[in-house]
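1. This is a predicted model, with the sequence first.
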Amino acid sequence: MPDSVQASGVDLIGWPVLGRFLSWRHARIAMQIPVLILAGLAIFDGLAGPSLAPKNFATVSIWLHYRGLVVLALLVAGNLFCMACPFMLTRSAGRWMRERLGGHGWPVPAALRNKWLAVGLIVAFFVSYELFSLWASPWLTAWIAIGYFLCAFVVDTIFQGAAFCKYVCPLGHFNFFGSLISPLEVQVRSQQGCAACRTKDCIQPLAHGCELWLFQPRKTGNMDCTFCLDCVHACPYDNIGLIARTPTAELWDDPFRSGIGRFSRRSDLAALVAVLTFGSFMNAFAMIRPVYGLRALLARSLGTASEAPGLLVIFALGLVVLPLILLTITGLASRRLSGAQAQPLGTVVRRYIFALVPLGFGMWLAHYSFHFLTGGLTVVPVAQSFLTDVGVFAGQVQWGLGPVVPGEWLFPIEAVFLYLGGFGSLVAAFQIAQRSTAAPGEGGAATHASPMRVLGAAAPWMILCLFLLGYGLWILIQPMEMRGTLLARPIAEWAPLIAGAIA
Amino acid sequence: MAKVRAIEDAPVTGPRLRASLWRAGRVASCLLGVALVAQLAGCGRIQRHSSGAPDSFKVTLTTEPAPPLVGDGLVIVTLADSAGRPVDGARLNLEGNMSHAGMVPVFEQATGGQQGVYRVPFQWTMAGDWIIDLKATLPQGQRLDRQFPISVLASP
């Protein structure tokens, strides 16, 4: 942003009540504590409560409410879950321990200062979700939550900064992906205010500035921003706000972004977008009827009674082979039609792949909102059942509660979300093409390419978006069959099952 | 020394008081959390995988059609004692749950029985994996508890 530019959107930190709360130094912990309590209850119920997923607070709160609310929050605001992340509280304990022992933490090794570990963990999660039917197991769900707490504790005790958030956390990286289309962004109010600053508190560790190394005057967009508001509280000039912006607009340009660099030079970020975009379709595909027949067919073809090898084949095809083929073909076509054959294919793909973000997020939104809207009210009888068991509630448990909206509303709502995402992707593809094909002109002003050249660059990506949109609609139309193959098994039976699934 | 004495004698006010209260609050919260967990751990929420004492009754569950299809169907429960004698007059409570959180359970009840066979109309609301939780109260007052996994198809 040029020095003279003032952020022009609505600033939530300037609002009378909400703004005062967000400006309060302890705002984040005030949000984290209730979420920590809920997480603790979920873990407790997952380990010790009913083994049926619809009756357990762990599975209901995490697979229904957390997923549904996080995508809705990303759509209407921003990365609110990372803002209220409870894993950071255990991290604080680890740091306190580290300081008492005289340590300062190690810098993250250069080889790990990228998103590849997070991408690998996300893929592993997608496969595990289907392989072990995580949605059906309160016990495993609880252990996933415990694992997140432990991992944040260990990683951020050993390493400096917010290493867990920036390089590891799969949930956080999903939120970073989704927040690329969010309407709010943490950004400076006036570049002139930053020009006068000598202390740069917004990024200074001693001033409790940004631990993800996003220097506010040069920060662009929401990638890597956890909405922790440390920069807001650290800034001595009150020059940072939570400011409204045009959703998806940050995808159109490719500026240098503080703490990140340029998107077009980051293969790891391109992989993150690819995995989460194509993963959205895979995750939904895995819950409809055709996939069960496909898994059984693959098991027979591979000569095994276990469906695990077939599942791995499906994921390899859906998350690796097919995306590579589609992105390669689309990139080659875009390069050829725009007359930019001299440009490396990788550069073209890394630039344009961000056009898929709105559609990928739209598919996640459609899928997660389906589960939330069909069963959001089941948290009431689950909570009543929980309170009955602890002797606090003596009334009738309302097991009939479930859907938030009538059933006939579901597909239209899902379709609207998917169409919104598709529209956002079509616009993004065109905007990226317009900027990518522009030539630098005199005085720094770019010279736009001819409309045919812009269309040539954008069209293959727009066609890919339309193809994925149609595929997504087909998935949403299919009747769902929810299968959980590891229901209510005693713990002693888990080891051979897991070993068999891996073998 | 006078300065140190002044600091030691100074009443704790303002920021120091707030910081002290904040620390005390955190310690109290941790202790409360431990107490809460201990309370929960001792409560009836902790479920056992097998509920109730083992019994010698034979309970089978089949469906009509088999395998069941989405929509209205029939659950057929057969109840017999250890000697194979059919048990009539029991009160059956069936609860059907799917494997995924968010699905509303299906509840049905039946009484009577003929030659130990109880035919219970049951609506399968979605295709996929179900667990039928059967609770039977026998005429003598004894209670039985069984669980049956069922896979429901969308179409034949």
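-> In hand now; what should we look at?
2. Pop out the phi and psi values for residue 102.
-> Since you didn't name a chain, this refers to chain A. phi 90, psi 10 (degrees, to the nearest 10).
3. my question was about chain B
-> Dihedral angles (degrees, to the nearest 10) for B:G102: phi 100, psi -10.
4. How much space separates it from A:F125?
-> 20 Å (CB to CB, to the nearest Å). Every residue, glycine included, has its C-beta placed from N, CA and C.
5. Let me see the residues that make contact with the host helix or strand of A:F153.
-> Assigned by DSSP states H and E, A:F153 belongs to helix A:138-158. Around helix A:138-158, the neighbours that count as contacts under CB atoms under 8 Å, 6 or more residues apart in numbering or on different chains are A:39, A:42-47, A:49-53, A:56, A:58-59, A:62-63, A:86-88, A:90-91, A:93-95, A:97-98, A:105-106, A:132, A:134-135, A:162-164, A:168-169, A:171, A:491.
6. which element follows that helix toward the C-terminus?
-> Assigned by DSSP H and E, the successor of helix A:138-158 is helix A:163.
7. pLDDT below threshold where in chain A?
-> A:1-7, A:441-446, A:481-503 (pLDDT under 70).
8. and it, what are its domains?
-> As recorded under automatic domain parsing, the domains making up chain A are A:12-179+A:184-244, A:266-502.
9. Output those in TSV, with mean neighbour count appended to each entry.
-> Shown next, in TSV, are the domains of chain A (neighbours: other CB atoms under 10 Å in any protein chain shown):
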stretch	mean neighbour count
domain A:12-179+A:184-244	19
domain A:266-502	18
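10. Let's have those domains in TSV, adding distance to A:D254.
-> Below are those laid out as TSV (distance: least, CB to CB, whole Å):
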stretch	distance to A:D254
domain A:12-179+A:184-244	10
domain A:266-502	6
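11. Tell me, how many residues neighbour whichever residue of chain B sits closest to chain A?
-> Taking CB to the nearest CB, chain A has its nearest neighbour within chain B at B:G102, 2.2 Å off. Counted with other CB atoms under 10 Å in any protein chain shown, the neighbours of B:G102 add up to 27.
12. That one: what's its closest spatial neighbour, skipping adjacent residues?
-> Spatially, and ignoring its direct neighbours in sequence, B:G102 is nearest to A:G375 (2.2 Å; CB to CB, 6 or more residues apart in numbering or on different chains).
13. In a helix, that neighbour, correct?
-> Yes: A:G375: assigned to a helix according to DSSP: H, G, I helix; E, B strand; the rest coil.
14. How about the contacts made by the residue of chain B closest to chain A?
-> Taking CB under 8 Å, 6+ apart, we find B:G102 in contact with A:54, A:60, A:63-64, A:371-372, A:374-376, A:378, A:402.
15. can you do 10 Å?
-> Neighbouring residues of B:G102 by CB atoms under 10 Å, 6 or more residues apart in numbering or on different chains: A:53-54, A:59-60, A:63-65, A:68, A:135, A:370-379, A:402-403, A:482.
16. Please give the element, helix or strand, for the most centrally placed residue in chain A.
-> In chain A, the centroid-proximal residue (CA atoms, centre = their mean) is A:F174; its distance is 1.4 Å. In the assignment (DSSP H and E), A:F174 maps to helix A:170-179.
17. helix or strand right after that helix?
-> Following helix A:170-179 in sequence, per DSSP H and E, is strand A:184-188.
18. how close does the closest residue to A:C85 other than its chain neighbours sit to chain B?
-> Distances taken as CB to CB, 6+ apart place A:Q32 nearest to A:C85, at 6.7 Å, with adjacent residues excluded. Using CB to the nearest CB, to the nearest Å, A:Q32 is found at 12 Å from chain B.
19. A:Q32 in helix, strand or coil?
-> Assigned state for A:Q32: helix (three-state reduction, three-state DSSP).
20. what's the answer for B:P67, then?
-> coil.
21. what's the burial count for it?
-> By other CB under 10 Å, neighbour count at B:P67 equals 11.
22. residue contacts, it?
-> By CB under 10 Å, 6+ apart, the residues touching B:P67 are B:73, B:150-153, B:156.
23. export stretch B:80-88 as CSV, just CAs?
-> Below are the C-alpha coordinates for stretch B:80-88, written out as CSV (Å, rounded to 0.1, in the frame of the first residue of the first chain):
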residue,chain,number,x,y,z
ALA,B,80,-36.2,-66.8,24.0
ASP,B,81,-34.9,-67.9,27.3
SER,B,82,-31.8,-70.1,27.8
ALA,B,83,-33.9,-73.2,27.2
GLY,B,84,-35.2,-71.9,23.9
ARG,B,85,-38.7,-71.2,25.2
PRO,B,86,-40.2,-68.1,23.6
VAL,B,87,-40.8,-65.1,25.8
ASP,B,88,-44.0,-63.2,25.3
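24. And the contacts of it?
-> Under CB under 10 Å, 6+ apart, the answer for stretch B:80-88 is B:55-60, B:78-79, B:111-118, B:136, B:138-140, B:142, B:144.
25. show me the contacts for A:G105.
-> A:G105 makes contact with A:94-95, A:98-99, A:156-161, A:163 under the criterion CB under 10 Å, 6+ apart.
26. Endpoint to endpoint, stretch A:290-309 covers what distance?
-> 17 Å (CA to CA, to the nearest Å).
27. quick one: that stretch near chain B?
-> Yes: counting by CB under 10 Å from any CB of the partner chain, chain B is contacted by stretch A:290-309 at A:Y292.
28. mind checking how far that stretch is from the chain centre?
-> Mean-position distance between stretch A:290-309 and its chain equals 30 Å (CA atoms, centre = their mean, to the nearest Å).
29. what's the answer for stretch A:259-273, then?
-> With CA atoms, centre = their mean as the basis, the mean position of stretch A:259-273 lies at 15 Å from the chain mean.
30. for the closest residue to B:Q123 other than its chain neighbours, helix, strand, or coil?
-> Spatial nearest neighbour of B:Q123, excluding adjacent residues (CB to CB, 6+ apart): B:D72 at 5.5 Å. Counting by three-state DSSP, the backbone at B:D72 sits in strand.
31. Could you verify my assumption that B:D72 touches B:V120?
-> No: B:D72 is not in contact with B:V120 according to CB atoms under 10 Å; the separation is 11.6 Å.
32. higher neighbour count, these two?
-> Per other CB under 10 Å, whichever of B:D72 and B:V120 has more neighbours is B:V120, with 19 against 10.
33. Pop out the phi and psi values for that one.
-> Dihedral pair for B:V120: phi -120, psi 120, per degrees, to the nearest 10.
34. May I have the residues that are in contact with it?
-> By CB under 10 Å, 6+ apart, the neighbours of B:V120 are B:61, B:63, B:73-77, B:92-94, B:108-110, B:132, B:134.
35. hey, what's it bridged with?
-> B:V75 (DSSP bridges).
36. still on that earlier bit, could you check how far the residue nearest to the centre of chain A is from A:L322?
-> Using CB to CB, A:F174 is found at 21 Å from A:L322.
37. Check B:S20 and give its pLDDT.
-> In the predicted model, B:S20 carries a pLDDT score of 55.
38. tell me the SS of the closest residue to B:K135 other than its chain neighbours?
-> Distances taken as CB to CB, 6+ apart place B:N93 nearest to B:K135, at 4.5 Å, with adjacent residues excluded. Here B:N93 is recorded as strand under three-state DSSP.
39. Give the burial count for B:N93, as a bare number.
-> Per other CB under 10 Å, the neighbour tally for B:N93 reads 14.
40. For it, name its beta-bridge partners.
-> Bridge pairing for B:N93 - DSSP bridges - gives B:Q109, B:K135.
41. Where does A:L426 sit: helix, strand or coil?
-> Following three-state DSSP, A:L426 is assigned to helix.
42. Surely it touches A:G362?
-> No: the criterion here is CB under 10 Å, and A:L426 misses it with A:G362 at 11.5 Å.
43. Any chance you could list residues touching both of those two?
-> Joint contacts of A:L426 and A:G362 (CB under 10 Å, 6+ apart) are A:L469.
44. Spell out, range by range, the strands that occur in chain B.
-> All strands of chain B, identified by DSSP state E, fall at B:58-64, B:71-80, B:91-98, B:106-110, B:117-124, B:127-137, B:143-152.
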